[in-house]
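Peer 1: Fold the following and give me the result.
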Amino acid sequence: MAKGLCALLWLQKLMTELSHSHDHIKHIEVDCHFIKQNLDSRVIQFPFMKSEDQLVDILIKAYSTLDKLSMQDIYAPLKGMDGLKDEDHRNLIGGVVGEVQQHFPDASFMVFNFGDQESQSQIPELLSDMPVMNYPIHHGDCPILAMEIIHHFLRAADGWLSLDEHKNMLLVHCERGGWPVLAFMLAALLLYRKESNGEEETLHLIYNKAPSDLLRLISPLNPLPSQLRYLHYIATSNVHSEGCLRYKSLTLDSVILRFIPCLDAEVGCHLMFNISGRDPHNLTDKTPTVLFSAPERGKDIKQYKQADHKLVKVDIHCPVQGDVVLECMRVRAGLEHGETLFRVMFNTAYLLENNLMLGLDQMDVTWDRQNQYSRAFSAEITFLEMNPAAS
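Peer 2: The predicted structure is shown next:
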């Protein structure tokens, strides 16, 4: 808003100068003459309007404040390994909120806080005069939330803004490590309200508001591929409908890998898969849990070498439903711990066929490996319809 006002004031000043400087405008571009002509004919005007009366959309509302106050990760290791002390945190939050309230004195605020559900947040206490809604910061270690939680957030935020678009505003805050999911949820809200077009453009627009290395500091894997998959779910489906989700109960049958990177000719390794999500056999419990984890050791575990890299099929046979996180790890022979080859999060309600094809650009991989993997590397996840009696 501040930048837009500056632009308007500059343009108004320019028009005034044009009105009194006809002898000096030979080299002014044609578009300025066009603007002056329309000003003189009163096709366009610049009346004064108070900030609380301006009809601005959610994108401008969100970013005008960010541009004014600056977005920073207050937990980044710029002030020591322990980050901010509680008192500093309180003062910072109070100062930011006070400045926002001063800038929008007639606004009513709703707060959405993203934090670790295992620790108590200070936000409800600090902002006790505002309604606060708390959300987690990940689903199975992936910085995306389950679709049911995403829908709850979208409807709550949209409902609040729709009650009074002139005065109702959102304050969105994240606890330590919550920036990736906050950025994702803001992008989802913009797409949901039709305030922005294009999943990738919208997500990058928000991420670019923070320091460029912040995402890498927080997330060891690049979460954008899975986040874009979920933004596509939101942008292309009727998430406004309460009963839009019809979760399929499926059996994740196998994972087929082609042109596996990082396999040595001499030193073998084995592949380990971890799958987490809600238990299809216990629908009352929506908490994500480990559904499948391949053993790390054992004489029956197959070792893969470079000669095997073109095609590897691993049988899984794991029941899944709804939001699923699959992580593939490579464990070198003789080593205790493995490294992540890729991770992917998906929802069974949006699977159009009984397989999910993934190219390199559609998998979450570590930042330092993105340019080292072969572009031919791909994964195919196959599914079978679950026997109703088994579910």
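
Peer 1: all helices for the protein, in order.
Peer 2: Across the chain, reading from the start of the chain, the helices by DSSP state H fall at 2-19, 30-40, 58-69, 86-103, 123-126, 147-163, 179-192, 199-207, 214-218, 224-236.

Peer 1: Kindly format the C-alpha coordinates of the fifth one as PDB.
Peer 2: Same thing as helix 123-126. As requested, the backbone C-alpha atoms of helix 123-126 are provided in PDB (Å, rounded to 0.1, in the frame of the first residue of the first chain):
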ATOM      1  CA  ILE A 123       0.800 -16.600  20.900                       C
ATOM      2  CA  PRO A 124      -2.700 -17.100  22.500                       C
ATOM      3  CA  GLU A 125      -1.400 -15.500  25.700                       C
ATOM      4  CA  LEU A 126       0.400 -12.600  23.900                       C
END
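
Peer 1: the domain parsing of the protein - what is it?
Peer 2: Residue ranges for the domains of the chain, per automatic domain parsing: 2-40, 56-236, 249-385.

Peer 1: Quick check: end-to-end length of the last one?
Peer 2: The one in question is domain 249-385. 7 Å (CA to CA, to the nearest Å).

Peer 1: Any stretches of the stretch 201-350 of the chain with poor pLDDT?
Peer 2: Low-confidence regions of the stretch 201-350 of the chain, defined here as pLDDT under 70, cover residues 238-246, 262-268, 295-301, 306, 308, 333-336.

Peer 1: rewinding a little: want to try TSV for the domains of the chain, with mean neighbour count as columns?
Peer 2: Every C-beta, even on glycine, is put in place using the N, C-alpha and C of the backbone. TSV is the format used below for the domains of the chain (neighbours: other CB atoms under 10 Å):
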stretch	mean neighbour count
domain 2-40	11
domain 56-236	17
domain 249-385	16
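
Peer 1: Any idea what M133 is bridged to?
Peer 2: In this entry, M133 is beta-bridged to F112, by DSSP bridges.

Peer 1: residue contacts, it?
Peer 2: 110-113, 153, 156 (CB atoms under 8 Å, 6 or more residues apart in numbering).

Peer 1: can you check V314 too?
Peer 2: Contact analysis of V314 by CB under 8 Å, 6+ apart lists 254-257, 271, 273, 294.

Peer 1: Report the beta-bridge partners for it.
Peer 2: Taking DSSP bridges, one finds V255 as the beta-bridge partners of V314.

Peer 1: how close does it sit to K286?
Peer 2: According to CB to CB, to the nearest Å, V314 and K286 sit 28 Å apart.

Peer 1: what's the answer for S108, then?
Peer 2: From S108 across to K286, the span is 31 Å (CB to CB).

Peer 1: One more: C142?
Peer 2: If you measure C142 against K286 using CB to CB, the figure is 16 Å.

Peer 1: Equivalent analysis for I260, please.
Peer 2: 34 Å.

Peer 1: go on, H337?
Peer 2: Going from H337 to K286 by CB to CB gives 31 Å.

Peer 1: same question, P280
Peer 2: P280 is 12 Å from K286, where distance means CB to CB.

Peer 1: quick one on the thing from earlier: return the member of the helices of the chain having the minimum mean pLDDT.
Peer 2: Lowest mean pLDDT of the helices of the chain: helix 58-69, a mean of 38.

Peer 1: hey, what's M357 bridged with?
Peer 2: Counting by DSSP bridges, M357 is bridged to E380.

Peer 1: so it makes contact with E380?
Peer 2: Yes. Taking contact to mean CB atoms under 8 Å, the distance of 5.5 Å between M357 and E380 places them in contact.

Peer 1: backbone phi and psi for L127, please?
Peer 2: Backbone torsions for L127, taken as degrees, to the nearest 10, come to phi -120, psi 50.

Peer 1: mind checking pLDDT for it?
Peer 2: The predicted local confidence for L127 comes out at a pLDDT of 87.

Peer 1: ok, now Q370?
Peer 2: Note for Q370: predicted pLDDT of 77.

Peer 1: now swap in N354 and tell me
Peer 2: Predicted confidence (pLDDT) for N354: 92.

Peer 1: mind listing what the residue nearest to D361 when sequence neighbours are not counted touches?
Peer 2: Excluding the flanking residues, the one nearest D361 by CB to CB, 6 or more residues apart in numbering is P225, at 6.4 Å. With contact set as CB under 8 Å, 6+ apart, P225 has these partners: 344, 361-364.

Peer 1: In the residues you listed, find the pair that's most separated.
Peer 2: Using CB to CB, the pair of these lying farthest apart is V344 and D361, separated by 11.7 Å.

Peer 1: Y233 reaches M345, doesn't it?
Peer 2: No. Counting by CB under 8 Å, Y233 does not reach M345; the two are 10.8 Å apart.
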